[in-house]
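>>> after the sequence you'll find the predicted model.
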Amino acid sequence: MTASTLLTRARAALAIFLLTAVCAAAQTNTAEISGERQSQFRWELFSALNRVNFDLPSRTFGTPNFGRIFSAKAPREIQLGLKLTF
């Protein structure tokens, strides 16, 4: 295998990684209620940029659908949480 072939494959792998990377954000707010009691509010946002995360292509060689992508992973998701410590 030549160096240019390895470089081409490395670039392709990097491009696939960057296209499928998930952008996430999170925020936590902690407040003291009284004494040892605390409340913590947390929100998390997955796929913040709402980019399409395609599933794997069809891997059945010799069929007309070989290499085609028919579905995508979950779109933007938001998760909220409240934690009380006493």
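That came through fine.
>>> now do the same contact list for I69.
By Cβ atoms under 8 Å, 6 or more residues apart in numbering, the contact list for I69 reads F54, D55, L56, P57, S58. For every residue, glycine as well, the C-beta is placed using N, CA and C.
>>> from those, which is closest to F86?
Each of these was scored against F86 by Cβ to Cβ, and D55 proved nearest at 44.0 Å.
>>> what's the neighbour count on the residue lying closest to that closest one once chain neighbours are set aside?
By the measure of Cβ to Cβ, 6 or more residues apart in numbering, the closest residue to D55 outside its immediate chain neighbours is S71, 4.7 Å from it. When counting by other Cβ atoms under 10 Å, one arrives at 7 neighbours for S71.
>>> and what of E44?
Applying other Cβ under 10 Å, we find 15 other residues in the vicinity of E44.
>>> over to P64?
P64 is flanked by 8 other residues according to other Cβ under 10 Å.
>>> same question, T60
Applying other Cβ under 10 Å, we find 9 residues neighbouring T60.
>>> quick one: secondary structure of it?
Here T60 takes the coil state, with states given by DSSP: H, G, I helix; E, B strand; the rest coil.
>>> I'd say it and R68 touch.
No - here T60 lies out of contact with R68, judged by Cβ atoms under 8 Å, at a distance of 10.3 Å.
>>> list the contacts of F41.
If a contact means Cβ under 8 Å, 6+ apart, then F41 has T28, N29, A31, L80, G81, L82, K83 as its contacts.
>>> so it sits in a strand?
Yes - the secondary structure assignment for F41 places it in a strand, going by three-state DSSP.
>>> okay, and the beta partners of it?
Beta-bridge pairing for F41 (DSSP bridges): N29, L82.
>>> measure the residue sitting furthest away from the middle of the chain to F41 for me?
Of all residues in the chain, G35 sits farthest from the chain's C-alpha centroid, using Cα atoms, centre = their mean; the distance is 38.6 Å. When distance is defined by Cβ to Cβ, to the nearest Å, G35 is 19 Å away from F41.
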